[in-house]
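Peer 1: Next input, structure requested:
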Amino acid sequence: MFSIKKLAGVAAIAATGLVLAACSGPSADNSTSSSSAPSAAAPSTGGPLKIAVVTHGTSGDAFWNVVKNGAEQAGKDLNVGVDYFADGDPGNQARLIDNAVAQKVSGLVVSMANPQALQTSIQNAVKAGIPVVTINSGEDSSAAFGAIAHVGQSEGLAGQGAGQRLKAAGKTKLLCVIHEAGNIGQNQRCDGAKQAFGNVTTLQVDISNPTDAQARIRGALQSDPSIDAVLALNSQVAARAVSAAKEASSKAQVATFDLNADVVAAIKDGSILFAVDQQQYEQGYLPIVFLKLYKENGNTIGGGHPVQTGPGFVDKTNIDTVAPYAQRGTR
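Peer 2: Okay, the predicted model is just below:
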């Protein structure tokens, strides 16, 4: 079995990484709950731990592939069984959680793009004695639903950071592109950008129909030539936004949330100004560490506050450092 002493060393390394990551983003008071940390769990007995990761990612999404890579690598490093499941439909995601509970997993990791749709399933897991760590979205509901921790970035603050950078770049009108209807995190990003930037309009597209998404962005830019910046909330949408701006002969420059190979190349050639990097590999890796420590050593993390993995920012000044990690699927 992976020793507690060795696990503590992994956790210390992970904590150091979080401190370094936090240095790259804007400082802020990230408290979202006054709840105290949950009481410690009884020490684990029996065989190896089995953890289910249930996200709202869609098939082939480069962002969620990195989350999956992080969770699975943590499982290998810590001798923990990790099963990854994903479904973009909130009802289907809730059923995946219910199935994991029925199988009596040792722990659950859940992203909450639509918290209310998942509330009953998560609370049932907690009632069954299964510790839950939420990731990525839904931090405001995490403690209330009974999760022991939340790992991610505060989306409103990340949106503000993006808006500040675009404003500093001299942009005057911003189009913020939402690609998943009902995803509270994406609305928070655009709202944060509006707080910092000012003149922001939103556009709804469907990430599962990239051709139509590109056409809608092109149409918005053609109908309003005063738009001089586009903020995509996903790396795949960003590539479509770059193409749309070219097709529309628009002066708008693109910025985005998240990284993939296309975004790395686009930052290098100047067609994307910057990417907001929430370091989603950590969102997969760290919850496995936290759940193992909780089950085997009674440890908790965060004291009722989220563990922040971002926002960091990737632009021409640091893209050469980050690019190799993005290439291997860990950024």
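Peer 1: The residue nearest to N114 when sequence neighbours are not counted: how many residues sit nearby?
Peer 2: Of all residues not flanking N114 in the chain, P90 sits nearest, at 4.1 Å (C-beta to C-beta, 6 or more residues apart in numbering). C-beta here means a position set from N, CA and C on the backbone, and glycine is covered the same way. Neighbourhood size, P90 [other C-beta atoms under 10 Å]: 18.
Peer 1: For the remainder of this discussion, apply numbering that starts at 67.
Peer 2: Shifting the count to begin at 67 puts that one at P156.
Peer 1: Identify the residues contacting P156.
Peer 2: Applying C-beta atoms under 8 Å, 6 or more residues apart in numbering, we find P156 in contact with 122, 179-180, 183-184, 248.
Peer 1: now do 10 Å
Peer 2: The contact partners of P156, by C-beta atoms under 10 Å, 6 or more residues apart in numbering, come to 122, 178-184, 248-249.
Peer 1: One more: G218?
Peer 2: G218 neighbours (C-beta under 10 Å, 6+ apart): 177-178, 200-205, 208, 224, 251, 344-346, 348-349, 372-376.
Peer 1: swap the cut-off to 8 Å and go again
Peer 2: Counting by C-beta under 8 Å, 6+ apart, G218 touches 200-203, 205, 344, 349, 372-376.
Peer 1: Quickly list what it is bridged to.
Peer 2: Beta-bridge partners recorded for G218 (DSSP bridges): Q374.
Peer 1: measure it to Q189 for me?
Peer 2: Separation of G218 from Q189 (C-beta to C-beta, to the nearest Å): 20 Å.
Peer 1: elements contacting the helix or strand where G350 lies?
Peer 2: For G350, the element it lies in under DSSP states H and E is helix 346-363. When contacts are defined as 3 or more C-beta pairs under 8 Å, 6 or more residues apart in numbering; DSSP states H and E, helix 346-363 packs onto helix 70-88, strand 116-121, helix 128-144, strand 173-177, strand 198-201, strand 215-218.
Peer 1: Mind giving me the PyMOL select for the contacts of P156, buried ones only?
Peer 2: Filtering the contacts of P156 down to the buried ones (16 or more other C-beta atoms under 10 Å) takes a single PyMOL command:
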select buried, resi 122+178+179+180+181+183+184+249
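Peer 1: Using TSV, lay out the contacts of P156 together with distance to A152, secondary structure and pLDDT.
Peer 2: Listed next are those as TSV, based on distance: C-beta to C-beta, whole Å; DSSP: H, G, I helix; E, B strand; the rest coil; pLDDT from 0 to 100:
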residue	distance to A152	secondary structure	pLDDT
H122	7	coil	95
M178	13	coil	96
A179	11	coil	92
N180	14	coil	94
P181	17	helix	96
Q182	19	helix	96
A183	15	helix	97
L184	13	helix	98
G248	16	coil	85
N249	14	coil	89
